[in-house]
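1. Got a sequence here, can you build the structure:
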Amino acid sequence: MAEIRLDTPVQFLPKVGERRAKQLEKLGVYCVYDLLTFFPRRYEDWSECVPLFQLEHDKEQSFIATIVATPKVSRNRGKTTIFATLSDGTCSIRAVWFNQPYLAEKMVAGEEYFFHGKITRDGFTFQVVNPVFDQRQKDEEKHSLIQPIYPLTAGLKQGHIRAIVNVALDRALPLLSEVLPLFFRKEQKLCAIRYAYEKIHRPDTMEEVDIARKYLVFEEL
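-> Residues are numbered from 1 along each chain as shown. Below is the predicted model:
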């Protein structure tokens, strides 16, 4: 792959291409540096997972569950629906995804996942529609439970943005040069620039987000 610079057009990054690049342009993202400065608008804390028996109607919640069997994919008049039964041993819940057929390939029966979405209840049956999910890592220390939520545009999902931003971080983070003098950072108790950009996108705790934000506020001054 050709050398990546901060001004490299995003279409030349892996996982992007011309079609994705045009979608990113609608969000004001044209080059690698734009991706680094395309900050999340908020975060979801998946560390506050609840057992399925504690799920509440009409509330956004996070939980850990196993996909009981291979998800069923239904196609009708060009529309796709995926159905899956999830269980954590205490009870089960039905998950439904609309018009996201590619998700079926990411679900493995018998594996544990983190899920987050709005819970609804019909009688004794709980359901979650279009939940976001991520496979649970065996090594919990390597799995961040703080999920960045980015602005979106038509055709782009959170997973797409996260994957592209991760590529930009892996390739371009070392290219960032410190803009704040060391004495000033010590005086204000600020982190380094690369730490700030890493943790604003890939935090392990909300405390790291706060540290990154503090640096970025001073950088903008």
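2. where's R194, which helix or strand?
-> Here R194, judged by DSSP states H and E, is contained in helix 193-201.
3. next structured bit after that helix?
-> helix 206-220.
4. Who are the packing partners of that following helix?
-> The contact analysis (3 or more CB pairs under 8 Å, 6 or more residues apart in numbering; DSSP states H and E) places helix 206-220 against strand 42-45, strand 146-149, helix 182-188, helix 193-201. Every C-beta, even on glycine, is put in place using the N, C-alpha and C of the backbone.
5. do you know how far K72 is from P101?
-> To P101, K72 is 12 Å away according to CB to CB, to the nearest Å.
6. Which neighbours do these two have in common?
-> Residues touching both K72 and P101 (CB atoms under 8 Å, 6 or more residues apart in numbering) are I82.
7. And the two? Which one has more around it.
-> Higher neighbour count among K72 and P101: P101, with 14 against 11, using other CB atoms under 10 Å.
8. Contacts only, for the more buried one.
-> With contacts defined as CB under 8 Å, 6+ apart, P101 is in contact with 73, 80, 82.
9. sec struct for the residue nearest to the last one when sequence neighbours are not counted, please.
-> The spatially closest residue to I82, leaving aside those adjacent along the chain, is W97, at 4.3 Å (CB to CB, 6 or more residues apart in numbering). Assigned state for W97: strand (three-state reduction, DSSP: H, G, I helix; E, B strand; the rest coil).
10. now W97: how far from E111?
-> 16 Å.
11. for Q147, what are its contacts?
-> 43-46, 116, 132, 134, 158.
12. can you redo these as TSV with neighbour count and pLDDT?
-> Shown next, in TSV, are the contacts of Q147 (neighbours: other CB atoms under 10 Å; pLDDT from 0 to 100):
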residue	neighbour count	pLDDT
Y43	14	91
E44	17	82
D45	13	81
W46	20	77
H116	19	90
V132	17	87
D134	17	82
Q158	15	85
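13. now, the most widely separated pair of those residues?
-> Greatest spatial distance among the contacts of Q147 (CB to CB): D45 and Q158, at 15.0 Å.
14. Show me where the protein has its strands.
-> Assigned by DSSP state E, the strands in the chain fall at 42-45, 59-67, 72-76, 79-87, 92-98, 112-122, 125-129, 132-135, 146-149.
15. Just put those in CSV and tack on distance to R20.
-> Below are those laid out as CSV (distance: least, CB to CB, whole Å):
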stretch, distance to R20
strand 42-45, 23
strand 59-67, 28
strand 72-76, 25
strand 79-87, 21
strand 92-98, 21
strand 112-122, 24
strand 125-129, 26
strand 132-135, 19
strand 146-149, 18
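16. Which of the ones you listed sits closest to D204?
-> Nearest to D204 among those is strand 146-149 (6.5 Å), distances taken as CB to CB.
17. Can you list the strands that the closest one pairs with?
-> strand 42-45 (antiparallel) (DSSP bridges).
18. quick one: contacts of the strand it pairs with?
-> With CB under 8 Å, 6+ apart, strand 42-45 has contacts from 62, 116, 132, 145-149, 203, 206, 209.
19. Can I get that strand in PDB? Just the C-alpha atoms.
-> Taking Å, rounded to 0.1, in the frame of the first residue of the first chain, the C-alpha atoms of strand 42-45 are listed here in PDB:
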ATOM      1  CA  ARG A  42     -21.400  10.500  22.500                       C
ATOM      2  CA  TYR A  43     -20.500   7.100  24.000                       C
ATOM      3  CA  GLU A  44     -22.400   4.000  25.100                       C
ATOM      4  CA  ASP A  45     -21.200   2.400  28.200                       C
END
